[in-house]
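Asks: Attaching a predicted model along with its sequence, questions to come.
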2 protein chains.
Amino acid sequence: MSTKIYDRVALIGLGLIASSMFWAIRRAGLADEVTGYARSRATRDTARRIGLCDRVCDSAAEAVEGADLVVLCVPVGAMEQVARDIAPALKPGATVTDVGSVKRAVIEAVAPHLPDGVHFVPAHPLAGTEHSGPESGFAELFDNRWCLLVPVENSDDDAVARLTALWEGIGSNVEIMDADHHDLVLAVTSHAPHLIAYTMVGVADDLRRVTDSEVIKFSAAGFRDFTRIAASDPTMWRDVFLNNKDATLEILGRFTEELFALQRAIRIGDGDHLHAYFTRTRAIRRGIIEAGQDTDAPDFGRAKSVR
Amino acid sequence: MSTKIYDRVALIGLGLIASSMFWAIRRAGLADEVTGYARSRATRDTARRIGLCDRVCDSAAEAVEGADLVVLCVPVGAMEQVARDIAPALKPGATVTDVGSVKRAVIEAVAPHLPDGVHFVPAHPLAGTEHSGPESGFAELFDNRWCLLVPVENSDDDAVARLTALWEGIGSNVEIMDADHHDLVLAVTSHAPHLIAYTMVGVADDLRRVTDSEVIKFSAAGFRDFTRIAASDPTMWRDVFLNNKDATLEILGRFTEELFALQRAIRIGDGDHLHAYFTRTRAIRRGIIEAGQDTDAPDFGRAKSVR
């Protein structure tokens, strides 16, 4: 059952998110044609070789020509330049959206450059892996994940409705959110956790009395999950932190406060404080399982038990 | 191909680790009989109902009678009392081992109570899930994971060799390590990461401007992995922190130092510092994949791509 939503979609930037969008759009028949552009020639060559996009263009302007929907899939720090590059080539009535992990900064970087008659509807799909590049995408990445739409002042209702339909066709659940609230929620659920994971992995690497091979061999109980997070794309994450500075620093400040309280409980041997804290956090996990955002399988998808 | 190593094994404490050991011992035919004991009547009833252990006993002393190997699978804080309880009933020549996440404190708690002629060989299998209790175990938990043996002064060579064979039969790779070094390595790879994950989940729960349902719904990008870690057994983890205090506090001190340096880089907009740090941590992840301690599957075991 094909349900076309756009005649032509242009993907600017061809990494994990764009390539997954392409496979998901094709899976559901959501567009007649998907064009693509990446700044690096190597990425464009790879995209052509693996059939990523119906047509890979050698400039962003060429890729967006005649497109009804343009999706900016570049790191947040590169959004402004891309907006400048494509602005003259945008079709009147087209919708421009993005997939950036911060929204206020992207709106400030992109909106001023878009011509009148072009609709801007910022978005952020909450999905990813620690892999990057055009070959890392897969159609199921967004299945049952949330995509947050963050309409700006005067965002066109029809443009929002169509983009909603696209993301639902891709497999996501869509929710509308204000830009500043988005940036705070993501600071809590994603940005601060990423910085913390990066930090812990860096500490382990620095500790001279524990060898790297020991860290790697004995990572199974806890540290391994941190390394997966801390393997995410460095450029993307640099840009996230620089562009969601205030909310991230606020959350990290609260985090440090709590961490100090727990450290103190360890130092003075206050087991009741620790036990009560750990019992409370366990309930949050239960909520996530019930909300269907993770699996409760006891073996995390490893081989089934023989008993 | 059955390769019996012990005539009778006694499991004291019937949670995730003990129940997984039972299924793995049975899978490989490593013992003729496995007895079990848990302090709680409800746990013993559950164990009898699901066939966990060949015989569930109503006292620890009864369970260890005639056993060639006794495995203490209780929280670290409960080890000393269990050692007192079983000491009079231990068979001469038997080996006592444990599965606690800290080793120096367990050695100090258990060794003084064991009678002469009983061999003590502390151990720590590096495997787990966030689930606990007698029904959470599965035979594959230890497959291709490390088990660290931490012999004490005068540990009997034959007892160490036999316990090594048991853990290899269960599916693990075995390595010998000194108790203090074990406690430092685990502080880095497990204890500090757990405390950090608990802290971050607690912070999210406290933040009044972001609702619990938002935290839960939008957990996919980073936070979800923290909640899994932070859902681990509160009693076990309280005891770990109280009994590996010095190493954990040392690592947390270094962590805070690094975190402050990264926070400062965000505040002053030092993108180069962030990018260099994130690039370095990515390499550690590659090492873990190559060491076979995690999967590199781009979809984390979710449905296969249709392309």
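Replies: Thanks, I have it. This one's a predicted model, so the numbers in the text were calculated from it and none came from an experiment.
Asks: For A:Asp157, grab the count of nearby residues.
Replies: 9 (other CB atoms under 10 Å in any protein chain shown). To be clear about C-beta, it is placed using only N, CA and C from the backbone, and glycine gets the same treatment.
Asks: A:Pro115 too?
Replies: 11.
Asks: a strand runs through A:Ala10, doesn't it?
Replies: Yes. The assignment for A:Ala10, made by DSSP: H, G, I helix; E, B strand; the rest coil, places it in a strand.
Asks: so how many other residues sit close to the closest residue to it other than its chain neighbours?
Replies: Spatial nearest neighbour of A:Ala10, excluding adjacent residues (CB to CB, 6 or more residues apart in numbering or on different chains): A:Ala67 at 3.9 Å. Other residues near A:Ala67 come to 26 when the count uses other CB under 10 Å.
Asks: Same question for A:Asp85.
Replies: 17.
Asks: Thought A:Ala63 was touching it, still the case?
Replies: No. Using CB atoms under 8 Å, A:Asp85 is not in contact with A:Ala63, being 10.1 Å away.
Asks: when you scan stretch A:261-279, is anything in it near chain B?
Replies: Yes. Applying CB under 8 Å from any CB of the partner chain, one finds stretch A:261-279 touching chain B at A:262-263, A:266-267, A:269, A:271, A:274-275, A:277-279.
Asks: What is the longest helix seen in chain A packed up against?
Replies: For chain A, the helix that runs over the most residues, judged by DSSP state H, is helix A:245-268. If you count contacts as 3 or more CB pairs under 8 Å, 6 or more residues apart in numbering or on different chains; DSSP states H and E, helix A:245-268 packs onto helix A:179-186, helix A:192-206, helix A:271-290, helix B:192-206, helix B:245-268.
Asks: at 7 Å instead, please
Replies: Here helix A:245-268 touches helix A:192-206, helix A:271-290, helix B:192-206, helix B:245-268, going by 3 or more CB pairs under 7 Å, 6 or more residues apart in numbering or on different chains; DSSP states H and E.
Asks: Can you add distance to B:Ala24 and give the ones you listed back as JSON lines?
Replies: Output for the helices and strands packed on helix A:245-268, formatted as JSON lines (distance: least, CB to CB, whole Å):
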{"stretch": "helix A:192-206", "distance to B:Ala24": "29"}
{"stretch": "helix A:271-290", "distance to B:Ala24": "26"}
{"stretch": "helix B:192-206", "distance to B:Ala24": "24"}
{"stretch": "helix B:245-268", "distance to B:Ala24": "29"}
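Asks: if I pick A:Trp237, what's in contact with it?
Replies: A:194, B:278 (CB atoms under 7 Å, 6 or more residues apart in numbering or on different chains).
Asks: swap in A:Ala24?
Replies: Listed by CB under 7 Å, 6+ apart, the contact set of A:Ala24 reads A:139, A:142, A:170-171.
Asks: That one: which element?
Replies: Using DSSP states H and E, A:Ala24 maps to helix A:16-28.
Asks: The next helix or strand after that helix: partners in the sheet, and parallel or antiparallel?
Replies: Downstream of helix A:16-28, the first helix or strand assigned by DSSP H and E is strand A:31-37. Paired neighbours of strand A:31-37 in the sheet (DSSP bridges): strand A:6-12 (parallel), strand A:55-56 (parallel).
Asks: on that earlier part again, what's the farthest-apart pair in the residues of stretch A:261-279 next to chain B?
Replies: Within the residues of stretch A:261-279 next to chain B, A:Arg267 and A:Thr279 form the most distant pair, 20.7 Å apart (CB to CB).
Asks: Show me which residues of the stretch 1-150 of chain A sit near chain B.
Replies: Where the stretch 1-150 of chain A comes near chain B, counting by CB under 7 Å from any CB of the partner chain, the residues are A:23, A:27, A:126-131, A:136, A:138-140, A:145-146.
Asks: Just the residues you listed: which are in helices?
Replies: Under the assignment DSSP H, these contribute A:23, A:27 to helices.
Asks: The helix holding A:Ala24 vs strand A:6-12, what angle?
Replies: Interaxial angle of helix A:16-28 relative to strand A:6-12 (axes from the mean of the first three to the mean of the last three CA atoms, to 10 degrees): 160 degrees.
Asks: Using PDB, write down the CA coordinates of helix A:16-28.
Replies: Provided in PDB are the C-alpha atoms of helix A:16-28 (Å, rounded to 0.1, in the frame of the first residue of the first chain):
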ATOM      1  CA  LEU A  16      23.000   7.800   9.500                       C
ATOM      2  CA  ILE A  17      19.800   9.800   9.800                       C
ATOM      3  CA  ALA A  18      19.500  10.700   6.100                       C
ATOM      4  CA  SER A  19      20.300   7.200   4.900                       C
ATOM      5  CA  SER A  20      17.800   5.700   7.300                       C
ATOM      6  CA  MET A  21      15.200   8.200   6.100                       C
ATOM      7  CA  PHE A  22      15.800   7.200   2.500                       C
ATOM      8  CA  TRP A  23      15.400   3.500   3.200                       C
ATOM      9  CA  ALA A  24      12.300   4.200   5.300                       C
ATOM     10  CA  ILE A  25      10.800   6.500   2.700                       C
ATOM     11  CA  ARG A  26      11.400   3.900   0.000                       C
ATOM     12  CA  ARG A  27      10.000   1.100   2.200                       C
ATOM     13  CA  ALA A  28       6.700   2.900   2.500                       C
END
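Asks: chain center to that helix, what's the gap?
Replies: Centroid separation for helix A:16-28 versus its chain: 14 Å, with CA atoms, centre = their mean, to the nearest Å.
Asks: likewise stretch A:148-159?
Replies: Per CA atoms, centre = their mean, the centroid offset for stretch A:148-159 relative to its chain is 19 Å.
Asks: Name the surrounding residues that touch it.
Replies: With CB under 7 Å, 6+ apart, stretch A:148-159 has contacts from A:95, A:103, A:107, A:111, A:119-124, A:126, A:160, A:163-164, A:174-179, A:182.
Asks: pLDDT averaged over that stretch - what is it?
Replies: Averaging pLDDT along stretch A:148-159 gives 92.
Asks: Stretch A:258-277 too?
Replies: So the average pLDDT for stretch A:258-277 ends up being 96.
Asks: Where does pLDDT dip in the stretch 101-250 of chain A?
Replies: Scanning the stretch 101-250 of chain A for pLDDT under 70 picks out A:208, A:220-221.
Asks: where exactly do the strands run in it?
Replies: A:119-120, A:123-125, A:146-149, A:173-176 (DSSP state E, counting those that start in this stretch).
Asks: For those, give me JSON lines that also has distance to A:Cys53.
Replies: What follows is those, written out as JSON lines (distance: least, CB to CB, whole Å):
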{"stretch": "strand A:119-120", "distance to A:Cys53": "23"}
{"stretch": "strand A:123-125", "distance to A:Cys53": "18"}
{"stretch": "strand A:146-149", "distance to A:Cys53": "20"}
{"stretch": "strand A:173-176", "distance to A:Cys53": "24"}
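Asks: so of the ones you listed, which one's packed in deepest?
Replies: strand A:123-125 (a mean of 25; mean count of other CB atoms under 10 Å in any protein chain shown).
Asks: my read: A:Phe22 touches A:Ala31, true?
Replies: No. In terms of CB atoms under 7 Å, A:Phe22 does not count as a neighbour of A:Ala31; the distance is 9.5 Å.
Asks: the domain parsing of chain A - what is it?
Replies: Domain assignment for chain A, taken from automatic domain parsing, gives A:6-177, A:181-290.
Asks: that older thread, out of the contacts of A:Ala24, flag the one nearest to chain B.
Replies: A:Ala139 (5.4 Å; CB to the nearest CB).
Asks: Look at that closest one and say how many residues are nearby.
Replies: Other residues close to A:Ala139 by other CB under 10 Å number 24.
Asks: How about it: what's its closest non-neighbour residue?
Replies: Here the residue nearest A:Ala139, using CB to CB, 6+ apart, is A:Trp23, at 3.8 Å.
Asks: A:Glu135 is in contact with that neighbour, correct?
Replies: No. Taking CB under 7 Å as the definition, A:Trp23 is not a contact partner of A:Glu135, at 11.4 Å.
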